[in-house]
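Enquirer: give me a 3D structure for the following:
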Amino acid sequence: MSSAPRPSLLLDLRGTPCPLNFIRARLALEGLEAGSWLQLDVDRGEAEEQVSSGLRQQGHAVQEAPHPEAEQGAIRLLVCRHEA
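Expert: Just a heads-up that it's a prediction; the model follows:
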């Protein structure tokens, strides 16, 4: 069993509207080296769908992880920056 990836950067985007949350996530990834992980905390629903699908379309690997505040509608996304 593999361990969870260790993120290089943590970004809390809960409460941030679409598409601003996607733009902030994309800009954060641009500052990381290829193969680095970004931890994103986003709201469930539209934000989760828009951010994860947009980042996948750009070639990044996206995984869901348990969030300590899941009962409050939060989701944690772990994103691996694609090779440039």
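Enquirer: wait, doesn't residue 16 sit right on residue 24?
Expert: Yes - with contact defined as CB atoms under 8 Å, residue 16 reaches residue 24; the gap is 6.7 Å. Where you see a C-beta, it was placed from the backbone N, CA and C, and this is true even at glycine.
Enquirer: tell me which element residue 51 falls in.
Expert: helix 46-57 (DSSP states H and E).
Enquirer: ok, now residue 38?
Expert: With DSSP H and E as the test, residue 38 turns up in strand 37-43.
Enquirer: which other helices and strands contact that strand?
Expert: On a contact count with 3 or more CB pairs under 8 Å, 6 or more residues apart in numbering; DSSP states H and E, strand 37-43 meets strand 9-12, helix 20-30, helix 46-57, strand 74-80.
Enquirer: re the thing from before, so between residue 16 and residue 24, which is more surrounded?
Expert: It is residue 16, of residue 16 and residue 24, that has more neighbours when counted by other CB atoms under 10 Å, with 19 against 15.
Enquirer: state the distance from the more buried one to residue 5.
Expert: Applying CB to CB, to the nearest Å, the value for residue 16 to residue 5 is 23 Å.
Enquirer: next: residue 52.
Expert: According to CB to CB, residue 52 stands 15 Å off from residue 5.
Enquirer: then residue 66?
Expert: 14 Å.
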